[in-house]
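> Build the 3D model from these lines:
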Amino acid sequence: MSVKDKILLLRSSLPQSVKLVAVSKFHPSEAVLEAYNAGQRLFGESRVQELVAKYNTLPKDIEWHMIGHLQTNKVRAIAPFISLIESVDSVRLLECINREAERCGRVIDCLLEVHITDEDSKSGWDIDILRTYLHSGAINALKNISIRGIMGMATFTEDEAVIRADFERIAAIKHELEPLFGEQFDILSMGMSDDYPIAIECGSTQVRVGSSIFGARQY
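Here you go, the predicted structure:
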């Protein structure tokens with residue numbers, strides 16, 4: 001099945017309320033263009049160098065999301081064009097994004113990535129640290145970022161009960177924090193190729209799907 005056919009099939013299966021982020025990391029620009037020609041405009045990348053290279057060569061109406069761990073010294077490279085940074089996991093990164101957004105004359109949309117599993121390989125805020133920071137009010141001084149919601153990942157396992165419990169916890173965190181941000185806090189990004197149907201059942205509004213569209217990663 002072609003990339004185009006996979007995109008069309010996947011999008012037809014998603015509720016209208018759920019956005020599809022086509023995760024194009026480690027796949028060539030030609031594959032992205034094939035998905036683009038099938039009508040896909042929203043793509044996710046996890047490495048800044050690869051993201052910038054694709055931005056420079058592909059159509060400019062693509063909406064790029066940064067979904068991987070982002071180092072502060074890499075923010076400047078993507079600040080002029082990034083649509084959404086999903087992987088904001090620290091005060092230091094928030095402050096850096098705010099500075100670079102101000103330098104560009106932009107307000108950059110961000111998601112707060114939360115870490116709720118026992119896996120050290122995953123990034124994200126410890127929820128207690130995040131609560132303390134947000135209730136301090138310090139984030140209100142960052143005028144060049146807009147916090148749009150929460151991103152999170154479930155435990156890497158075949159146990160659907162564990163996956164569902166993780167997604168339910170992430171959704172509960174979003175619900176808890178909504179009063180601090182209001183109507184703009186409307187994105188719950190969770191679910192990938194192997195588990196997105198469960199994520200949608202748990203309230204996800206945005207799924208990040210790569211291998212189901214593009215096949216195995218081309219490292």
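> Residue 200 contacts residue 16, doesn't it?
No: in this structure, residue 200 is not within contact of residue 16 by CB atoms under 8 Å, at 11.6 Å. All C-beta atoms are positioned from the backbone trio N, CA, C, and that covers glycine.
> Between those two, tell me which one has more neighbours.
Set residue 200 next to residue 16 and count neighbours by other CB atoms under 10 Å: residue 200 wins out with 20 against 5.
> did I read that right, that one in a helix?
Yes: counting by DSSP: H, G, I helix; E, B strand; the rest coil, residue 200 is part of a helix.
> list the contacts for it?
Taking CB atoms under 8 Å, 6 or more residues apart in numbering, we find residue 200 in contact with 14-15, 18, 191, 207.
> hmm, 6 Å instead?
Residue 200 is in contact with residue 18, counting by CB atoms under 6 Å, 6 or more residues apart in numbering.
> would residue 65 count as being in a helix?
No: the assignment for residue 65 (three-state DSSP) gives strand, which keeps it out of a helix.
> Can you get me a residue count around it?
Neighbourhood size, residue 65 [other CB under 10 Å]: 27.
> Could I get the contacting residues of it?
Contacts for residue 65 (CB under 6 Å, 6+ apart) come out as 21, 44, 84, 86.
> does the residue nearest to the spatial centre of the chain belong to a helix or a strand, and which?
Nearest to the geometric centre of the chain sits residue 86, at 3.5 Å (CA atoms, centre = their mean). Assigned by DSSP states H and E, residue 86 falls within strand 84-88.
> who touches that strand?
Contacts with strand 84-88, where a contact means CB under 6 Å, 6+ apart, come from 65-70, 94, 109-113, 151, 189.
> mind checking how far residue 28 is from residue 129?
Distance, residue 28 to residue 129, using CB to CB, to the nearest Å: 38 Å.
> Before I go, just wanted to say thanks for your time.
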